[in-house]
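# Sequence and predicted structure are below.
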Amino acid sequence: MQTGVGPFLAIYLAGHRWNEEWVGIAMTVGGIAGIACQTPAGALVDRLHSKRALVLAGVVALAVGTLLLLMWPTLASVMAAQTIIGGVSSVFGPAIAAISLGLVGPGRFDKRTGRNQTLKSAGNVITAVLVGVLAYCLSNRSIFFVVLGLCVPTILSLLLINPGEIDYNLARGGGHNGEQGVKTTRQPARVLDLLGNKPLMLFCVSSVMFHFANAAMLPLLGELLASGKGKSSALFMSACVVTTQLTIVLISVLVVKLAALWGRKPVLLLGFAVLPIRAVLYTLVHGTLGLVAIQVLDGIGAGIFGVLSVLVVADLTRGGGRFNLAQGALATAVGIGASVSQTVAGVIVHHFNYQVAFLFLASIATAALAILWLFMPETRSRSAVTPKESLSDRARMCHRAVHDDFA
């Protein structure tokens, strides 16, 4: 559902004769709404037992925002829609991660996160293809019909999850009885404890800079491709999104295996390193096929960050009962970088050109890589799971399933 409301929105607004600055401002509004809601959303996911209901409410609100964009592409309605979409989108990441952790436990959370990312990207590929083809054959308004149509299977698949199988304490990162090396508590850690977690704060800083550099690149590329190409620009953007998401599909499971073999930090460094390379290539390559091919690097960076950011936060908050709040705080930091990036990049393009904007973003990406390399410690040892622990997880899950069936 979210694929069609992302980079395609820049093309949709450009088609309604919005200039680069106003497109950037519109994208920023959604980012600001996300910033305001991310940390409260994470705290709410930690506290709320019915996480499925929270996701369902977010899906309905996302549909309402999509309808506003579809029916009234005016300044007021676009800003209102972006506020709604940005706000409710902050719920999905923490809630899905929490449901996953509550279902499988920490022993299998790495693999489950990799699979989640693979399935998410596969859905993005399907949506991008639908959006690109329909926008080319019909109009750019088809983008929003696809999003609305996907509400139905989203809600149906959500209802298939058995809420009785979600362990509430595990879902918030609180640990469970018998887990080695983890203090089990029913009371979550204080919020101030997160601020005192130096590795977590370092990871937040580097993530802000990474997403500041990354967030504006694809919308800028979309605007560049939209220049003089009419409705075929949506097809080009679809090709970019499909290339990125297919790459994520192919590498997500590999990322988990490499992180288990090498550790989190070396794989994260690889994901951060491809971003400045990608930005510089945008200034050197001018053909449409070449620009689309560069999106392979986007897929590598996004795939690595998408999987390992969740695992690093789980490592650094394990046993504290604040996993989802920490995710929300990280998403807030990321949202700050992403939303400001849209406006800054739009202003640079308006007053200079696209090449200057891409080189500026490359410099920020290089600084993020340096911070991660020089200051961020390895986190995997904090959550190393022994075979005994994994068997304990399985025994506990089986016991609860038998108990639920008997009841």
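Received the coordinates, thanks. Everything quoted here is computed from the prediction, not taken from an experiment.

# contacts for stretch 345-358?
Stretch 345-358 is contacted from outside by 19-21, 23-25, 216-217, 219-220, 223-224, 279-280, 282-283, 360-361, using CB atoms under 8 Å, 6 or more residues apart in numbering. To be clear about C-beta, it is placed using only N, CA and C from the backbone, and glycine gets the same treatment.

# rerun that using 6 Å as the cut-off
Outside stretch 345-358, the residues that touch it by CB atoms under 6 Å, 6 or more residues apart in numbering are E20, E21, G24, A216, L220, L224, A279, Y282, T283.

# How about the contacts made by the last one?
Counting by CB under 6 Å, 6+ apart, T283 touches Q355, F358.

# State the next helix or strand along the chain beyond the helix or strand containing it.
Assigned by DSSP states H and E, T283 falls within helix 264-284. Next helix or strand after helix 264-284 toward the C-terminus (DSSP H and E): helix 288-293.

# The following helix or strand past that following helix - what's its average pLDDT?
Beyond helix 288-293 in the direction of the C-terminus, DSSP H and E gives the next helix or strand as helix 295-317. For helix 295-317, mean pLDDT is 90.

# How far does the helix or strand following helix 295-317 sit from its chain's centre?
Next along the chain after helix 295-317, taking DSSP H and E as the criterion, comes helix 323-351. How far helix 323-351 lies from its chain's middle: 12 Å, per CA atoms, centre = their mean, to the nearest Å.

# quick one: which of the contacts of stretch 345-358 has the most company?
Counting neighbours by other CB atoms under 10 Å, A216 leads the contacts of stretch 345-358 with 30 neighbours.

# Could you check how many residues crowd around the nearest residue to that residue once chain neighbours are set aside?
Closest residue to A216 apart from its sequence neighbours, by CB to CB, 6 or more residues apart in numbering: A345 at 3.6 Å. Using other CB under 10 Å, the number of residues around A345 comes to 27.

# Could you do L195 as well?
Neighbour tally, L195, other CB under 10 Å: 11.

# so what's it scoring on pLDDT?
Here the pLDDT value assigned to L195 is 76.

# now do the one 10 residues further on
Predicted confidence (pLDDT) at V205: the value is 92.

# And L258, by the same measure?
L258 is assigned 91 on the pLDDT scale.

# Point me to the helix or strand that includes A43.
helix 20-47.

# just checking, what packs against the helix or strand just after that helix?
The first helix or strand that comes after helix 20-47 along the chain, using DSSP H and E, is helix 51-71. Under the contact criterion of 3 or more CB pairs under 6 Å, 6 or more residues apart in numbering; DSSP states H and E, helix 51-71 touches helix 75-104, helix 142-149, helix 151-159.

# Show me the one of those that comes nearest V253.
Distance to V253, taken as CB to CB, is lowest for helix 75-104 among the helices and strands packed on helix 51-71, at 14.9 Å.

# So which bits of the helix or strand that the closest one is followed by are buried?
Sequence order places helix 109-137 as the next helix or strand after helix 75-104, per DSSP H and E. Of the residues in helix 109-137, 109-110, 112-118, 120-121, 123-125, 127-132, 134-136 count as buried by neighbour count, 16 or more other CB atoms under 10 Å.

# what's the burial count for the spatially closest residue to W22 that is not a sequence neighbour?
With sequence-adjacent residues excluded and distances taken as CB to CB, 6+ apart, W22 is closest to L13, at 7.5 Å. Neighbour count for L13, taken as other CB under 10 Å: 22.

# so what's the nearest residue to T332 once chain neighbours are set aside up against?
In space, and not counting its chain neighbours, T332 is closest to Q38: 4.0 Å by CB to CB, 6+ apart. When contacts are counted by CB under 6 Å, 6+ apart, Q38 touches S90, G328, A331, T332, G335.

# residue closest to the middle of the chain?
G306 (6.1 Å; CA atoms, centre = their mean).

# Contacts only, for the residue found closest to it once you drop the neighbours it is linked to in the chain.
Using CB to CB, 6+ apart and skipping the chain neighbours, the partner closest in space to G306 is Q117 (5.0 Å). Q117 makes contact with S252, G306, V307 under the criterion CB under 6 Å, 6+ apart.

# what's the weakest-modelled helix or strand in the protein?
helix 387-406 (a mean of 43; mean pLDDT, DSSP states H and E).

# Quick one: distance of the helix or strand that contains A367 to the chain centre.
Here A367 sits within helix 354-375, counting by DSSP H and E. Centroid separation between helix 354-375 and its chain, computed with CA atoms, centre = their mean, is 20 Å.

# quick one: it to helix 295-317, angle?
30 degrees (axes from the mean of the first three to the mean of the last three CA atoms, to 10 degrees).

# what is the mean pLDDT for helix 354-375?
The average pLDDT within helix 354-375 is 93.

# So I371 sits against S207, correct?
No. In this structure, I371 is not within contact of S207 by CB atoms under 6 Å, at 9.9 Å.
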